[in-house]
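A.B. asks: Got a sequence here, can you model it:
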Amino acid sequence: MINRRKFLSNTVLVSIGAMFMPALAKADSLKNLRPLNKGSFKAKKPLVISTWNHGLEANEAAWKILQKGGKALDAVEQGVKVTEADPNSHSVGYGGLPDRDGNVTLDACIMEPGGNCGSVCFLQNIKHPISVARKVMEDTPHVILAGDGALKFALEKGFKKENLLTEKAKKEWEKWKKKSKYSPVINSENHDTIGMLAIDENNDIAGACTTSGAAYKLHGRVGDSPIIGAGLYVDNEVGGAVATGMGELVLKTLGTFLVVELMRNGKTPQQACEEAVNRIAGKLIDYKDFQVGYLAIDKKGNIGSYCINKGFDYALYSDNENKLLDSDYFVK
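C.D. replies: Presented below is the predicted three-dimensional model:
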């Protein structure tokens with residue numbers, strides 16, 4: 001005879017299962033939104049790959065480390081620091097466009113082959129948030145530091161406080177204030193976050209992701225870039241992935257974690273990136289109004305990329321050649 005406690009427990013489990021079955025069925029059907037390509041192309045290792053055309057210059061710095069037998073972790077940090085320091089990049093680091101109140105706020109994360117990671121978000125007045133994120137990873141028991149706490153930590157570690165709002169960015173912000181639309185839209189032409197993945201001579205994978213976030217965002221907004229599993233995820237047994245574009249869409253689907261888990265279960269990097277975009281398209285009604293791009297590598301050096309709208313490109317440095325490639329896209 002089933003006792004009352006066991007009966008109630010079984011009833012609750014059945015109810016919960018019934019509640020989630022439609023959602024699971026919907027998730028299973030998402031893969032049918034767009035047939036997945038089987039192919040990923042393979043690059044010679046070591047290699048470094050990064051989002052958008054500003055990745056070309058960043059790749060150069062990373063490659064100098066890799067070609068000397070250096071570690072992937074050092075390569076990705078030094079690579080994205082190039083973009084962080086570029087005043088002409090209006091979506092990363094120094095020169096980034098501010099929030100609606102005129103503040104440049106930065107997000108970044110880094111992940112090493114052993115699975116350890118570090119992150120900072122809503123950090124102000126520090127040019128290289130990626131290096132602060134690495135300090136969080138290596139010198140604290142934490143993963144994420146935010147806002148004033150992240151700034152205090154950075155200053156204690158010897159980073160210098162400086163103004164990151166350039167005159168050019170300030171003029172753009174003042175121009176924007178005339179209309180002051182407080183719901184910024186990232187379109188397919190906006191070259192934003194730099195995400196970078198590298199495989200070194202030891203076949204170890206590391207990744208970095210850094211951004212100043214959506215221009216004219218609400219003060220305090222944090223996107224996907226500093227969130228492990230959203231803007232960046234690395235599993236040294238499988239591969240790694242980075243995301244770029246509208247962070248809210250990536251956050252709602254934990255895109256890079258999804259990509260790596262799909263690769264773990266047998267999909268190529270290309271198939272995994274396409275499935276992650278399919279997941280957005282199947283769940284979020286207004287996805288066509290935004291851009292999200294995924295970039296992934298596996299342990300064999302296979303590479304995949306996919307985005308919502310046409311316009312996402314990425315830089316690959318392999319076999320002593322640094323080149324810019326166009327990604328396939330969902331909305332045809």
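
A.B. asks: Tell me which stretches of this protein form strands.
C.D. replies: 41-42, 47-51, 105-111, 117-124, 144-146, 194-199, 205-211, 232-235, 239-245, 292-298, 302-307, 313-318, 321-326 (DSSP state E).

A.B. asks: which residues of the stretch 101-250 of the chain score low on pLDDT?
C.D. replies: Scanning the stretch 101-250 of the chain for pLDDT under 70 picks out 181-191.

A.B. asks: which residue ranges form the helices in it?
C.D. replies: Per DSSP state H, counting those that start in this stretch, the stretch 101-250 of the chain carries helices over the ranges 129-139, 147-156, 167-177, 247-251.

A.B. asks: how about those helices in a markdown table, adding mean neighbour count and distance to Ile65?
C.D. replies: To be clear about C-beta, it is placed using only N, CA and C from the backbone, and glycine gets the same treatment. Formatted as a markdown table, these follow (neighbours: other Cβ atoms under 10 Å; distance: least, Cβ to Cβ, whole Å):
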| stretch | mean neighbour count | distance to Ile65 |
| --- | --- | --- |
| helix 129-139 | 23 | 14 |
| helix 147-156 | 17 | 23 |
| helix 167-177 | 14 | 30 |
| helix 247-251 | 23 | 28 |
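
A.B. asks: how about a markdown table for the ones you listed, with distance to Leu258 added?
C.D. replies: Below are the helices of the stretch 101-250 of the chain laid out as a markdown table (distance: least, Cβ to Cβ, whole Å):
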| stretch | distance to Leu258 |
| --- | --- |
| helix 129-139 | 22 |
| helix 147-156 | 27 |
| helix 167-177 | 33 |
| helix 247-251 | 10 |
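
A.B. asks: so Lys157 touches Arg134, yeah?
C.D. replies: No: assessed by Cβ atoms under 8 Å, Lys157 is found out of contact with Arg134, at 10.1 Å.

A.B. asks: Compute the distance between Thr140 and Met111, please.
C.D. replies: 15 Å (Cβ to Cβ, to the nearest Å).

A.B. asks: Neighbour count: these two, which is higher?
C.D. replies: Met111 (31 against 12; other Cβ atoms under 10 Å).

A.B. asks: and that one, what is it in contact with?
C.D. replies: Contacts for Met111 were tallied using Cβ atoms under 8 Å, 6 or more residues apart in numbering; they are Cys117, Ala206, Gly207, Ala208, Ile228, Leu232, Tyr233, Val234, Gly240.

A.B. asks: what residue is smack in the middle of the chain?
C.D. replies: By Cα atoms, centre = their mean, the chain has its centre lying nearest to Gly231, at 2.5 Å.

A.B. asks: close enough to count as contact, it and Cys209?
C.D. replies: Yes: assessed by Cβ under 8 Å, Gly231 is found in contact with Cys209 at 4.4 Å.

A.B. asks: what about Lys160, how many neighbours?
C.D. replies: When neighbours are counted by other Cβ under 10 Å, Lys160 comes out with 10.

A.B. asks: Ok, the one 4 residues further on next?
C.D. replies: Leu164 sits with 23 neighbouring residues when counted by other Cβ under 10 Å.

A.B. asks: Just give the closest residue to it, not the sequence neighbours.
C.D. replies: Nearest non-adjacent residue to Leu164, counting by Cβ to Cβ, 6 or more residues apart in numbering: Val104, 4.2 Å away.

A.B. asks: thought the one you found was touching His90?
C.D. replies: No: no contact is recorded between Val104 and His90 when judged using Cβ under 8 Å, the distance being 10.2 Å.

A.B. asks: These two: which is more packed in?
C.D. replies: Higher neighbour count among Val104 and His90: Val104, with 23 against 19, using other Cβ under 10 Å.
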